[in-house]
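Visitor: next one to model:
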Amino acid sequence: MKKLYLLSALALVAILAVGWVLADVKNKTAKQPLVAVGVPIFYYGDGCPHCANVEDYLSANPLPAAYQLDKKEVYKNTVNKNELIARAKSCGIKGAVTIPVLYTKEGKCLVGDIDIIAYFKALK
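Guide: Prediction:
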């Protein structure tokens, strides 16, 4: 009987320890601040019509050679999706985050194909 209590207590301690470690890892990851990037990031989703409008514009109007753009798909990639949500919060976007989103090199978020295309047109 004592062995059963001891094994139960050890199992409980092990479960609590694993939970504590996982919570600590999650908190450390969540607390890492996002910083403005030197390379802008275009967040899009495969099949998103507004994202396709931006892609079509970029295909027809190449960006200046010195301008680099990182593209991250968010429908199928959870890491990119979570990064987008964090970026949107850092920009002060509240509520649901819609795409497309352009995180500019100045650290601003532009939402929607119209604003993003206007930003790219201004680069020329």
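Visitor: quick one, helices of the chain?
Guide: Secondary structure of the chain (DSSP state H): helices at 2-31, 49-60, 78-90, 113-123.
Visitor: mean pLDDT for these: which is lowest?
Guide: Lowest mean pLDDT of those: helix 2-31, a mean of 50.
Visitor: find the residue at the geometric middle of this structure.
Guide: residue 83 (1.7 Å; C-alpha atoms, centre = their mean).
Visitor: tell me, how many neighbours does residue 68 end up with?
Guide: Residues lying near residue 68 (other C-beta atoms under 10 Å) number 11. Glycine gets a C-beta too; all of them are placed from N, C-alpha and C.
Visitor: please parse this structure into its domains.
Guide: 1-32, 41-123 (automatic domain parsing).
Visitor: end-to-end on the longest one?
Guide: Across domain 41-123, the terminal residues are separated by 15 Å (C-alpha to C-alpha, to the nearest Å).
Visitor: for residue 81, what are its contacts?
Guide: 74-75 (C-beta atoms under 8 Å, 6 or more residues apart in numbering).
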